[in-house]
Structure formats: C-alpha cells, structure tokens
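**Q** sequence and predicted model, in that order:
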Amino acid sequence: MFINSFIRKSMRIIYFIFILCFTFSTTYAQDSIRKKAEEEVKPVFYIGPKLGLNIIPTYKTEAFGQTYHLGINSGIATKVVLNKHFSISPEVLYTMKKKTYSFSSTESLFANFNSGFTGGLIDSAILNTVSGFLNDTVYSNTVGAVSLSYIELPLLATYHIGSFDFSAGPYFAFLMRAASKESLTQESALLDIFLPLIDSVQLIGPLVNTLVTSQFPGYKSPQLKESSDKSLFRKFDYGFLVDIGYRLNDNFKLNMRYSLGSLNYRYIPLAKHDVNKSVQFSLTYLVGIKPKTKTAAMYDLSPIPVK
C-alpha cells in the first residue's frame, strides 16, 4: 500500500513538472518566434522632413550682377521600399527658382511726343520727313530678375547600392508666387545734343525736362520697377530630375539633385528654350514605419493556461 501510494504521488509530481516545463518551453518558443519575426520585418514606408538650397544659374547683367542665385527647397519626402535594391520616392516640396532676362526696343522721339501731347495732330508724313534729317530714335533696354516660388511634386524611382541612392524621375510644379525687379535705361542721340541747350533757357528748360522724364523715365537715370504680377509667367511647369543620395545612417540622407524644366517659364518667351533649372543640395530625415508581421498573426502568442 505504501509503495503504491508513493508511486502515485511520484507520478503526480512528475506529471506536474512535465506540464510546468512544457508551459515554460512553449512560452519561450513563442517569444522567440515573435522577436525573430519583428527583427526580420523591416520598414517598407519612410516619411520625414527635407530642407536644402537651390543653386540657380542666371545670366550676368549689370543690374543684377552674379551668374548664380540661391533659393530654398523644403517639404516632406517619402520612400516606399519595393525590394532590397529598388524603391519609389514621392515628395511634396516648396521650392524657389530665379530667372534673369533682358530685352530691347526702339521708338521715335517725335512720334512719342506727338501721340502723348498733341493727340496725334501732326501728320505722320511730316514727322517721317523730319526723322529723315534727324535721328530721333530712342533706344530702350530692360534687364530684370524674377523670383518664382512653386509647390513641386517629384516622383522618383531609386536604385540602392551600399550607402548610395541613385534616383531619376519627373516633377510637376505649380506657381505660387512671382516677384520681379526691372531696370530700364534709355538713350537718344538727339536728346543728348539738344537737351543741354534747352536746359539753359529759363522756364522752358525745367518744363522740357519734366516732359522728357515723363515720356522717357529711363533717360536721365535707370528706372527701377518692382512687381508681384504672376500673369506673365506660366502657372504650371514640369520637367525631369536626377538625384544622388548618400545615407549617413538609417534616418539621415544627403542629396545632390539636378532639375531641368520642359516649358518656357513665361507665356510670351523672351528667349528660346528659356526653362527653369537648378542644382539642389538637401538633407532629409526619414522615419520608417513597420507593418504588422504575418508571423505574429499566425500564432496565438498568449501563454497557455495550466489546468
């Protein structure tokens, strides 16, 4: 009897120890599966802020000097990972671009005064005859610079190798703001000869100077004009981007990008193929968002209750 009772108690203890060990081993195995699944699954979507500078080539002019200008670009960058080597990168950026321009025109001094002050009473044939003896041409030259601000939507395909990213793709841009500055200068050989003589005549000299300044504001000195009118410039632009990126770590990336537009930035072109273009340098900070693991969904990872 004692032996049978001892055997039964021993079997119960062994059974309890077996159940306890099985419970702990199952829980440990499930925790290992969970941790391994979480380690193997990497983010497939990244998002974060982007900030940089645009280096914009422009034509050198006496009024605006340098051949390069700076602008900012900033916004939100994203990355959708397709596999180990490829991803797509949509972005939403606020970017500043700049263009310089110049154009010239000529007009008749006599015809200008005739239309402006006599209402065209003098016969044009008489004016043409006088112009045949005297060179009354007024030469006007305008140089300007315009700062253009866009909301830009690049869509890039990226190839990853090591710490480098090579990207290319189209962009679409919408004009938000335009701010232009112009300098007008005017020259006239006839005014150069006769205006100093007229200036010496009292009463008449100041009156003639006033008339000349009103009709030819850029003759005495360059006339400067500023405007925020967007109507001269295209409200939509598109083009192509190429980009080289270097990943400093899992979050930070340095980029160098070349942007070339496809449309003339003005509705009425001043030059052939006058498009937006710039070299951009930027720093991007991306945060990865991990998806839920399939492995975790396949298992009930809650501990098994011991009865």
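**A** Great, that's in hand.

**Q** what's around residue 253, how many residues?
**A** Residue crowding around residue 253 was assessed by other CB atoms under 10 Å; the count is 22. No exception for glycine: its C-beta is placed from N, CA and C like everyone else's.

**Q** over to the one 5 residues further on?
**A** Counted with other CB under 10 Å, the burial measure for residue 258 works out to 14 neighbours.

**Q** ok, it to residue 86 distance?
**A** 21 Å (CB to CB, to the nearest Å).

**Q** cool, residue 106 as well?
**A** With the distance defined as CB to CB, residue 106 ends up 58 Å from residue 86.

**Q** the stretch 1-150 of the chain: helices as residue ranges?
**A** 2-40, 109-117, 124-133 (DSSP state H, counting those that start in this stretch).

**Q** about what we covered before: out of residue 106 and residue 86, which sits in the busier spot?
**A** residue 86 (12 against 8).

**Q** list the strands paired with the host helix or strand of residue 154, with their directions.
**A** In this assignment (DSSP states H and E), residue 154 forms part of strand 137-161. Strand 137-161 has the following strand partners under DSSP bridges: strand 86-108 (antiparallel), strand 164-187 (antiparallel).

**Q** what separates it from the chain centre, distance-wise?
**A** 9 Å (CA atoms, centre = their mean, to the nearest Å).

**Q** likewise for stretch 278-289?
**A** Relative to its chain's centre, stretch 278-289 lies at 13 Å (CA atoms, centre = their mean).

**Q** make 35 the starting number, not 1.
**A** From this message on, residue numbering opens at 35, which makes the last subject stretch 312-323.

**Q** how about that stretch: buried residues?
**A** The neighbour-count check on stretch 312-323 (16 or more other CB atoms under 10 Å) flags 312, 314, 316, 318, 320 as buried.

**Q** tell me which residues are up against it.
**A** Here stretch 312-323 makes contact (CB atoms under 8 Å, 6 or more residues apart in numbering) with 76-91, 105, 107, 111-113, 129, 131, 279, 284-293.

**Q** quick check: residue 245 is in a helix.
**A** Yes. Assessed with DSSP: H, G, I helix; E, B strand; the rest coil, residue 245 lies in a helix.

**Q** run a quick neighbour tally on it.
**A** 13.

**Q** and it, how close does it get to residue 315?
**A** Going from residue 245 to residue 315 by CB to CB gives 53 Å.

**Q** what of residue 303?
**A** 30 Å.

**Q** same check on residue 254?
**A** 44 Å.

**Q** same check on residue 285?
**A** Residue 285 sits at a distance of 18 Å from residue 315 (criterion: CB to CB).

**Q** now do residue 199
**A** 15 Å.

**Q** residue 79 too?
**A** For residue 79 relative to residue 315 (CB to CB), the value is 25 Å.

**Q** enumerate the positions of stretch 247-258 that are buried.
**A** 249-253, 256-257.

**Q** could you dump it to PDB, C-alpha only?
**A** Coordinates of each C-alpha in stretch 247-258 appear next as PDB, following Å, rounded to 0.1, in the frame of the first residue of the first chain:
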ATOM      1  CA  THR A 247      11.200 112.400 -67.800                       C
ATOM      2  CA  SER A 248       7.500 111.600 -68.100                       C
ATOM      3  CA  GLN A 249       7.800 110.100 -71.600                       C
ATOM      4  CA  PHE A 250      11.300 108.500 -71.200                       C
ATOM      5  CA  PRO A 251      11.700 107.700 -67.500                       C
ATOM      6  CA  GLY A 252      14.900 105.800 -68.100                       C
ATOM      7  CA  TYR A 253      16.800 108.500 -70.000                       C
ATOM      8  CA  LYS A 254      18.200 110.600 -67.100                       C
ATOM      9  CA  SER A 255      18.900 107.600 -64.900                       C
ATOM     10  CA  PRO A 256      17.800 103.900 -64.800                       C
ATOM     11  CA  GLN A 257      14.200 103.500 -63.700                       C
ATOM     12  CA  LEU A 258      13.700 100.600 -61.200                       C
END
